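Give me the fold of what follows.
(chains A, B, C and D)
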Number of protein chains: 2
Amino acid sequence: MKLTPIMEKYILHWGEMGTRWGVNRTVAQIHALLYLSPKPLNAEEISETLGVARSNVSTSLKELMSWGLVKVSHVLGDRRDHFESMKDLWEIFTRVVEERKKREIDPTLTLLRQCELEAAEDTRTPEEIKQRINRMREFLETLSGWYEQMSTVPKPTLAKLMKLGGKVTKILGK
Amino acid sequence: MKLTPIMEKYILHWGEMGTRWGVNRTVAQIHALLYLSPKPLNAEEISETLGVARSNVSTSLKELMSWGLVKVSHVLGDRRDHFESMKDLWEIFTRVVEERKKREIDPTLTLLRQCELEAAEDTRTPEEIKQRINRMREFLETLSGWYEQMSTVPKPTLAKLMKLGGKVTKILGK
DNA sequence: CCGATATTTCAGTATTTACAGAAATTATCA
DNA sequence: TGATAATTTCTGTAAATACTGAAATATCGG
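Next comes the predicted model:
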C-alpha cells in the first residue's frame, strides 16, 4: 500500500499522539493505517508500508487485538491473515475507555480499598492522609459508576446528549 | 517526611499509573506525595522522601506547575520554596483534561483541518480515505465542543449530573 | 555588595523500552 | 505427509527516556 503525503502525515501524527498517551508508537501507527485503509491489510503490507520489521507488526497487531480495536479477516484465495480496524469512532472511543478502565482504574480502586482496610489498623498514618486516600477512592468510584451507566446508553442517544452539551443543566434545572 | 507503608504503596502505584498514561514516573510520584501531604513540602524534603536527585525534583516540579497541578507556597521564616498540590479532585481532573485538550487534541484538530485543505488539491488520495480523516475531525470537534460547554457548568452541578448517570436520558426522554 | 543558601541547567550515564533479524513454531496445501 | 508459506517467539542491539551529580545561576539576608 502506497501512502500519499496526507496519509503519511496523519499516520505519523497519530504515532506521536500514541506515545503521549502511553501507547507504543508503532502500535498507534498501525492503528492509524488500518483506520484509513479502505480494505483489510496483511502483516506483510503493513510492514512494508510503515517500514517496520515483520515481527514488530505481529506483536503490535496482537496488542491492538487485545484492545479489541482490530480484528482478523480473510480474503478468498489468500492464506494470509488480513487485519482491519473498527471504523466507527464512537465504538473505538468507548472501547479504549472501557479497556483503560478495566486495566487501570479498576486495579487502582482495588488498591485504594486495600489501603483503607489497612488504614484501620494503622495508627502511624495521620487521619488527614487517610481521608485523602478515601476521597480519591470515592472520586474514582463516582467516575467509574458514571461511565458504567453511560455505557448502557445507546450510541445515538449519547451523541445527541453530547450535542446538547451544557444545555442539559438548563433543561434539568427544575 | 517519613512515609508509612500505606503512603508508600499509594505513591508507588500512582507512579506506575503515570507511566501508563505517558507521565514520567517521578512526576507522578511527586504529585501523589504532595496530594497526600498535609502541609507544603520543600524540594529537599521531596528529594529525600522519594529517594530521587534534587535536580530531578526541580525538573519534575516545574512540569507539575506547567500543568497547574502544583503551586509554590512560602513558609514564614524559611527562604526555601515550598510546594503544595491542588486538593480538590474535581479541580485536578478538569485541569488535566483541559491541559491535555490544549496540548494534544487542539493541535490534532489543526493538523486534521490542514489535511482536509490539502486533500482538496490531492487527486491521489482516494475519496474514502479523505472521508475517514473528515470523520475523525468531526468526532474530535464534537468531543472538544462538549468538553468546552461542560467546563462552564459549575462543579456541584456537574457532580449531581454524574450521580444521575444514565437517568438523564429518561428524564430528557420526551 | 558579599557570602551563604537555594535553585536550575546541563552533560554524561543508566535504565527502560522498542525494535530488528534469526530461529522456532504453526498452519496450509498438494 | 512433506514442502512451503505464514506467523510468532526470542535474543541481542539500538534508540529513547529518565536520572544523577556537578557546575552555573539566581536569590536573599546582612
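
And the lowest mean pLDDT element among the helices and strands of chain A?
In chain A, the helix or strand scored least confidently by mean pLDDT, DSSP states H and E is helix A:167-172, which has a mean of 84.

How about residues contacting that helix?
For helix A:167-172, contacts defined as C-beta atoms under 8 Å, 6 or more residues apart in numbering or on different chains pick out A:161, A:164, B:149, B:153, B:157, B:161, B:164, B:168, B:171-172. Where C-beta positions appear, they are placed from N, C-alpha and C, glycine not excepted.

out of the residues you listed, which are inside helices?
A:161, A:164, B:149, B:157, B:161, B:164, B:168, B:171-172 (DSSP state H).

Going by neighbour count, which of those residues comes out on top?
Of all those, the highest neighbour tally under other C-beta atoms under 10 Å in any protein chain shown goes to B:Val168, namely 20 neighbours.

and chain A, which of its residues are near DNA strand C?
Applying C-beta under 7 Å from any atom of the strand, we find that chain A lies next to DNA strand C at A:24-27, A:51-56, A:60, A:79.

What subset of the residues you listed is buried?
A:25-27, A:52, A:56, A:60 (16 or more other C-beta atoms under 10 Å in any protein chain shown).

circling back: need the ones in helices among the contacts of helix A:167-172 in CSV (columns: distance to B:Leu3).
Output for those, formatted as CSV (distance: C-beta to C-beta, whole Å):
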residue, distance to B:Leu3
A:Leu161, 43
A:Leu164, 46
B:Gln149, 41
B:Thr157, 37
B:Leu161, 37
B:Leu164, 39
B:Val168, 42
B:Ile171, 46
B:Leu172, 48
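
Among those, give me the pair with the biggest separation.
Within those, B:Gln149 and B:Ile171 form the most distant pair, 18.4 Å apart (C-beta to C-beta).

Report how many residues lie close to A:His31.
25.

My reading is that it lies in a helix. Confirm?
Yes - assessed with DSSP: H, G, I helix; E, B strand; the rest coil, A:His31 lies in a helix.

which sections of chain A are below the confidence cut-off?
A:174 (pLDDT under 70).

one more time with 80
A:173-174 (pLDDT under 80).

now the helices for it?
Along chain A, the segments classed as helices by DSSP H run A:5-20, A:25-36, A:43-50, A:54-66, A:89-100, A:106-121, A:127-150, A:155-164, A:167-172.

Same list (these) but as CSV, adding distance to B:His31.
What follows is the helices of chain A, written out as CSV (distance: least, C-beta to C-beta, whole Å):
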stretch, distance to B:His31
helix A:5-20, 17
helix A:25-36, 25
helix A:43-50, 35
helix A:54-66, 28
helix A:89-100, 19
helix A:106-121, 14
helix A:127-150, 12
helix A:155-164, 30
helix A:167-172, 31
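
Tell me which of those helices is the most buried.
Stretch with highest mean neighbour count among the helices of chain A: helix A:25-36 (a mean of 23; mean count of other C-beta atoms under 10 Å in any protein chain shown).

Great, nothing more from me.
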